[in-house]
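Participant: sharing a model prediction with you, sequence too.
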Amino acid sequence: KGFASLSVGARGMFNKERIADIQRKRREWEQGTLRCSLERLGLNESPTTVYTPADVEDFDFLEKVGFPGEYPFTAGIYPFPLPGASGAGYAVSGGGLVRAGDYSGYGTAEDTRDFYQYMTAHHRVGGPNIAFDLPTQCGYDSDDPIARGEVGKVGVAVDTLRDFEVIYEAFTGENDLDNIASNFTINAPANVIIAMYIALAEKRGISLDKLRGTPQNDILKEFVARGTYIFPPRPSMRMIRDTITYCTRHMPRMNTISICGYHMREAGATASQVLGFTMANAIAYVRLGIEAGLDVDLLVPRFSFLNLGGSMDFFREIALNRAARRMWAKIMRQRFGAQNPRSWILRVNTAAHIGNVSTTVQRPLNNLARSVIGGIASALSGGGGDVRPRYDEPLGLGHSIEAYQLQADARRILQFECKLCEVIDPL
């Protein structure tokens, strides 16, 4: 009986007669209640917008939204938010998932190793998500004169295989390479870092098919926004192609790329622009793999996306993330003819959030309030209520333990006290 009242029947709110009633009632409301309030306050127009079923009278739920975890993935890429999302330094694994931790790394290889050992001793689990300093990202050794003043600043300096090995001294035994996932936030020399990972695995007697992780490996957004490219576009794309091809054929558990909108957004792109750039770059990478002889349904399931950045524009950020999931699903299914449902999924690490660019150095504790608002947007856009970034983000990459804890507590409050994740995609 309850469902019948919402059906497209004589009493349904999408019935044509009912839509006409709503439209008539709206006109009466605008000429009466709304106009009186505007005149009383001296306003020419309402500062808010009201939507009714009349605004979506031809809405097709299954075509536009569907169910979470199913095409077109508007409501979410999973039936429910997966356990183990980040928020406290390392991801808390759940349901058999193996994930890397939060973005981290600074100073020398020894500094970063010691940080990981400290975090592991405090019960943080998972592998590293390594931030590399700018000289490493641009292919310079730490003793190169051009690197002066930048070594170890925004990430860890890695000049040699030995540096790489030192970092991974924090990951042995139960946390050896075959039991963790590693993320490498680097692009132009991503193939060199992957080669180091392979060399380390061979030294430890671990086969390549057991290695998990994600190299960023997204060179196109470097040309668009960040600038840490080394070679011109064509040879750079050839290196990306070779890395994707090798990993697809020999390292089946490794993601081959993390396609990023975030950096372009932080560099000034609008929400619409970042969606267009990100999809265009992703399409270019799909074509690259297909032209190299890879089957689309073998290639794309190992593609991941970082995120689309964010802002304090609450409802539009929610809409952006829902639209992006649907857009990618349609591109893969209709444009590239992908048959594997995993090829249709925009495998992104978070949903809506505020973006680091929304944080301020002045009164940094206000950033916690901003991040909690982003966490609410995450929960309402098919995510898991991820509160990010930490309040001291604009002060440097070395987040304080207090900031880690406040972030984790805020996320738990949204999930377990507010119960925001009990209904997925409520908007």
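Facilitator: Noted; the coordinates are in hand.
Participant: longest helix of the protein?
Facilitator: helix 271-291 (DSSP state H).
Participant: which is the next helix or strand following that helix?
Facilitator: Proceeding N to C from helix 271-291, the next assigned helix or strand is helix 296-299, under DSSP states H and E.
Participant: which neighbouring elements make contact with that next one?
Facilitator: Here helix 296-299 touches helix 233-250, helix 271-291, going by 3 or more Cβ pairs under 8 Å, 6 or more residues apart in numbering; DSSP states H and E. Placement of C-beta: from N, CA and C, glycine included.
Participant: which of these sits most buried?
Facilitator: helix 271-291 (a mean of 18; mean count of other Cβ atoms under 10 Å).
Participant: mean confidence (pLDDT) on it, please.
Facilitator: Throughout helix 271-291, pLDDT has a mean value of 97.
Participant: if we can go back for a sec, could I get the helices and strands packed on helix 296-299 as TSV with distance to Ser304?
Facilitator: Below are these laid out as TSV (distance: least, Cβ to Cβ, whole Å):
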stretch	distance to Ser304
helix 233-250	12
helix 271-291	11
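Participant: what's in contact with the longest helix of the chain?
Facilitator: 218, 220-221, 224, 237, 240-241, 244-245, 248, 257, 259-261, 264-265, 269, 296, 299-300, 303, 305, 308-309, 311, 313, 316-317, 320, 323-324, 327-328, 331-332, 335-336 (Cβ atoms under 8 Å, 6 or more residues apart in numbering).
Participant: in helices only, show me those residues.
Facilitator: Residues of those located in helices (DSSP H): 220-221, 237, 240-241, 244-245, 248, 264-265, 296, 299, 316-317, 320, 323-324, 327-328.
Participant: strands of this structure, start to end?
Facilitator: For the chain, the strands defined by DSSP state E cover 100-104, 127-131, 181-185, 212-215, 257-259, 303-305.
Participant: of those, which is nearest Glu169?
Facilitator: strand 127-131 (11.4 Å; Cβ to Cβ).
Participant: list the neighbouring strands of the lowest-mean-pLDDT helix or strand in the chain plus their orientation.
Facilitator: Within the chain, confidence by mean pLDDT, DSSP states H and E is lowest for strand 100-104 among all helices and strands, at a mean of 76. Strand 100-104 has the following sheet partners, assigned by DSSP bridges: strand 127-131 (parallel).
Participant: the strand it pairs with: which residues count as buried?
Facilitator: Gly127, Pro128, Asn129, Ile130, Ala131 (16 or more other Cβ atoms under 10 Å).
Participant: what does that strand rub up against?
Facilitator: 98-106, 112, 116, 154-156, 167-168, 170-171, 175, 180-186, 212-213, 397.
Participant: just the buried residues of the residues you listed.
Facilitator: Neighbour-count burial (16+ other Cβ under 10 Å) applied to the contacts of strand 127-131 gives 98-106, 112, 116, 155-156, 167-168, 170-171, 175, 180-186, 212-213.
Participant: if I pick Asn175, what's in contact with it?
Facilitator: Asn175 neighbours (Cβ under 8 Å, 6+ apart): Thr120, Val125, Gly127.
Participant: quick one: least confident of those residues?
Facilitator: Lowest model confidence among those falls on Val125, which carries 73.
Participant: report the contact partners of the closest residue to Phe164 other than its chain neighbours.
Facilitator: Closest residue in space to Phe164, ignoring its immediate chain neighbours: Met196 at 4.3 Å, by Cβ to Cβ, 6 or more residues apart in numbering. Neighbouring residues of Met196 by Cβ under 8 Å, 6+ apart: Val158, Leu161, Phe164.
Participant: low-confidence ranges in this structure?
Facilitator: In the predicted model, the chain carries pLDDT under 70 at residues 1-13, 82-100, 397-398.
Participant: rewinding a little: distance to Leu41 added to the contacts of Asn175, as a markdown table?
Facilitator: Formatted as a markdown table, the entries for the contacts of Asn175 read as follows, by distance: Cβ to Cβ, whole Å:
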| residue | distance to Leu41 |
| --- | --- |
| Thr120 | 59 |
| Val125 | 55 |
| Gly127 | 57 |
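Participant: closest to Ala379 out of those?
Facilitator: Checking the contacts of Asn175 one by one against Ala379 (Cβ to Cβ), the nearest turns out to be Val125, at 23.7 Å.
Participant: so the longest helix of the chain versus helix 233-250, what angle?
Facilitator: Interaxial angle of helix 271-291 relative to helix 233-250 (axes from the mean of the first three to the mean of the last three Cα atoms, to 10 degrees): 60 degrees.
Participant: what angle separates helix 271-291 from helix 314-330?
Facilitator: Using the same axes, to 10 degrees: helix 271-291 against helix 314-330 is 20 degrees.
Participant: can I get the CA coordinates of helix 271-291 in CSV?
Facilitator: Taking Å, rounded to 0.1, in the frame of the first residue of the first chain, the C-alpha atoms of helix 271-291 are listed here in CSV:
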residue,chain,number,x,y,z
ALA,A,271,34.2,21.7,-11.1
SER,A,272,33.0,21.5,-14.7
GLN,A,273,36.5,22.0,-16.1
VAL,A,274,38.1,19.3,-13.8
LEU,A,275,35.5,16.8,-14.8
GLY,A,276,36.1,17.5,-18.5
PHE,A,277,39.9,17.4,-18.2
THR,A,278,39.9,14.2,-16.0
MET,A,279,37.6,12.3,-18.4
ALA,A,280,39.6,13.5,-21.4
ASN,A,281,42.9,12.3,-19.9
ALA,A,282,41.3,9.0,-18.9
ILE,A,283,40.0,8.4,-22.4
ALA,A,284,43.5,9.1,-23.7
TYR,A,285,45.0,6.5,-21.4
VAL,A,286,42.4,3.9,-22.4
ARG,A,287,43.2,4.5,-26.1
LEU,A,288,46.9,4.2,-25.2
GLY,A,289,46.4,0.7,-23.8
ILE,A,290,44.1,-0.5,-26.6
GLU,A,291,46.6,0.7,-29.2
